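# sequence unknown, structure follows:
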């Protein structure tokens, strides 16, 4: 199924922040947490550490939304995604 993923606050290699980076990915199905695990699994450890704590939990500096609703703190990150959902991942260091 196709899921839109929007990244906010992610620096590009020049050090400038792009307001929003968006991509459409094919995801075999599962929860927002499983989608994040799949996305982060392919990143180098330096980038991955921006999103995860040393214990492998989602960093408090990261907000995750599904269709505009915050899911990281509400337990909804385990709800199953459906075709066309929009997952937002926002990096907010220091908040």
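Ah, there it is. Note that the structure is predicted; figures quoted are calculated from it, not measured. Numbering: from 1, shown residues only.
# Now the top helix by length along the chain: average pLDDT?
Taking DSSP state H as the criterion, the chain has its longest helix at helix 32-41. For helix 32-41, mean pLDDT is 84.
# thought residue 9 was touching residue 92?
Yes. Applying Cβ atoms under 8 Å as the test, residue 9 and residue 92 come out as touching, 6.2 Å apart. No exception for glycine: its C-beta is placed from N, CA and C like everyone else's.
# Which one of the two is surrounded by more residues?
A count of neighbours by other Cβ atoms under 10 Å puts residue 9 above the other of residue 9 and residue 92, at 18 against 12.
# ok, and what's touching the longest helix of the chain?
The contact list for helix 32-41, computed with Cβ atoms under 8 Å, 6 or more residues apart in numbering, reads 3, 5, 25, 27, 48, 51-52, 58, 64, 66, 71, 76-79, 81, 87, 89.
# could you redo the last one with a cut-off of 6 Å?
27, 48, 51, 66, 71, 77, 87 (Cβ atoms under 6 Å, 6 or more residues apart in numbering).
# taking the residues you listed as a set, which two sit the farthest apart in space?
Farthest pair in the contacts of helix 32-41 (Cβ to Cβ) is 48 and 66. Separation: 21.0 Å.
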